[in-house]
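*Asks:* Okay, sequence plus prediction incoming.
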Amino acid sequence: MIRLFECLCVTVLAAGPAVAQDWAKARLEKSPRHGEWVKVKSGDREVQSFVVYPEVKDKATAVVVIHEIFGLTDWVRSVADQLAEAGYIAIAPDLLSGSGPKGGGTDSFQGEEVRKAIMSLKPDQVTADLNACADYVSKLPACNGKVCVAGFCWGGGQAFRFATNNKSIKAAFVFYGAMSDKDQEAGVPKIAAPVYGFYGGNDARINATIPKTTEAMKAAGKAYEPVTYEGAGHGFMRAGEDPKAMPANKKARDEAWKRWTDLLKKV
């Protein structure tokens with residue numbers, strides 16, 4: 001069920017919540033690239049989203065970046081900026097838009113409230129919001145029409161799920177996210193894009209789901225390439241950027257980033 005991978009993320013992260021991301025905020029403030037906030041229409045909702053453009057001559061591929069269970073943080077926006085630095089348009093939607101106090105988003109929640117709010121999101125609403133963002137970036141004058149999706153932790157699970165719901169995306173990049181039993185049974189046959197997995201070696205709860213996912217994808221004739229980075233923990237993409245990062249997390253983050261951008265070049 002969709003709650004399965006939500007609960008897995010919460011359990012794994014409970015002992016190590018996302019700390020202050022001053023380093024990510026500082027990186028954003030120094031960025032020379034054009035980043036802007038846009039409100040993407042999704043039915044009767046508006047999804048506050050952060051869009052960053054690359055400084056390139058030709059039209060670029062776009063990536064929808066799905067945040068962790070911590071919501072749209074400075075680090076997630078920094079990832080969008082780094083993708084733009086690599087030559088891609090990136091859009092990072094705040095999937096908690098309108099769900100907070102006085103209709104706010106991630107910034108309107110305090111502490112553990114943000115996790116609880118994300119766990120209460122309706123799957124259909126998440127899909128609709130992601131579809132709206134993918135459609136939005138695909139039609140930007142600077143976009144070549146190709147759109148990929150990527151997500152981290154809770155967002156990784158959502159990226160996998162989105163691949164079962166949107167046949168237009170060109171690739172899905174799943175960072176330590178688990179696929180639900182429901183999607184394995186009913187969603188896998190509907191996947192049209194290759195799925196690439198990125199997992200930490202010291203993340204037993206999430207990694208325990210990989211064999212079943214691999215089996216389901218293989219049985220359906222779908223492309224799924226999981227890679228495990230030994231010694232890295234859950235959330236290594238964020239943890240590996242922290243100035244105080246453990247060597248294993250930093251190494252995994254650097255290797256995963258290279259793999260990710262190399263794969264994007266082939267889209």
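*Replies:* Happy to help now that I have it.
*Asks:* Could you pull up the mean pLDDT of stretch 185-198?
*Replies:* The average pLDDT for stretch 185-198 rounds to 95.
*Asks:* Show me which residues of it are buried.
*Replies:* In terms of neighbour count (16 or more other C-beta atoms under 10 Å), stretch 185-198 has its buried residues at 187-188, 191, 193-198. (Glycine included, C-beta is placed from N, CA and C.)
*Asks:* Now, those that are in strands?
*Replies:* Within those, residues falling in strands by DSSP state E are 195-198.
*Asks:* Output those residues in CSV; the columns should cover distance to Ile69.
*Replies:* Output for these, formatted as CSV (distance: C-beta to C-beta, whole Å):
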residue, distance to Ile69
Val195, 20
Tyr196, 21
Gly197, 18
Phe198, 17
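*Asks:* which two of the residues you listed lie the greatest distance from each other?
*Replies:* The span of these, defined through C-beta to C-beta, is set by Val195 and Phe198 at 10.8 Å.
*Asks:* which helix of the protein spans the most residues?
*Replies:* Longest helix in the chain, counting residues (DSSP state H): helix 247-265.
*Asks:* immediately after the one helix or strand Val47 maps to, which helix or strand?
*Replies:* Here Val47 is covered by strand 45-53, with elements defined by DSSP states H and E. Toward the C-terminus, strand 45-53 is succeeded by strand 60-66 as the next helix or strand (DSSP H and E).
*Asks:* export stretch 140-157 as PDB, just CAs?
*Replies:* These are the backbone C-alpha positions of stretch 140-157, laid out as PDB (Å, rounded to 0.1, in the frame of the first residue of the first chain):
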ATOM      1  CA  LEU A 140       7.800  26.100 -21.500                       C
ATOM      2  CA  PRO A 141       9.500  27.700 -24.600                       C
ATOM      3  CA  ALA A 142      12.900  26.700 -23.200                       C
ATOM      4  CA  CYS A 143      11.900  23.000 -22.900                       C
ATOM      5  CA  ASN A 144      12.400  20.400 -25.700                       C
ATOM      6  CA  GLY A 145       9.300  18.600 -24.600                       C
ATOM      7  CA  LYS A 146      11.100  15.800 -22.700                       C
ATOM      8  CA  VAL A 147      10.300  15.500 -19.000                       C
ATOM      9  CA  CYS A 148      11.800  13.100 -16.500                       C
ATOM     10  CA  VAL A 149      10.900  12.600 -12.800                       C
ATOM     11  CA  ALA A 150      13.100  12.200  -9.800                       C
ATOM     12  CA  GLY A 151      12.400  11.900  -6.100                       C
ATOM     13  CA  PHE A 152      14.000  11.300  -2.700                       C
ATOM     14  CA  CYS A 153      12.800   9.000   0.100                       C
ATOM     15  CA  TRP A 154       9.000   9.600   0.200                       C
ATOM     16  CA  GLY A 155       9.500  11.400  -3.100                       C
ATOM     17  CA  GLY A 156      11.400   8.400  -4.400                       C
ATOM     18  CA  GLY A 157       8.400   6.200  -3.800                       C
END
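*Asks:* Would you indicate which residues of that stretch are buried?
*Replies:* Burial within stretch 140-157, assessed by neighbour count using 16+ other C-beta under 10 Å, is assigned to 140, 143, 146-157.
*Asks:* Tell me where the stretch 1-150 of the chain has helices.
*Replies:* Listed in chain order, the helices found in the stretch 1-150 of the chain under DSSP state H, counting those that start in this stretch are 2-13, 22-30, 74-85, 113-119, 123-138.
*Asks:* The second one to strand 45-53, inter-axis angle?
*Replies:* Comparing the axes of helix 22-30 and strand 45-53 via axes from the mean of the first three to the mean of the last three C-alpha atoms, to 10 degrees yields an angle of 70 degrees.
*Asks:* and if you look at the last one?
*Replies:* For helix 123-138 against strand 45-53, the angle between stretch directions is 40 degrees (the same axes, to 10 degrees).
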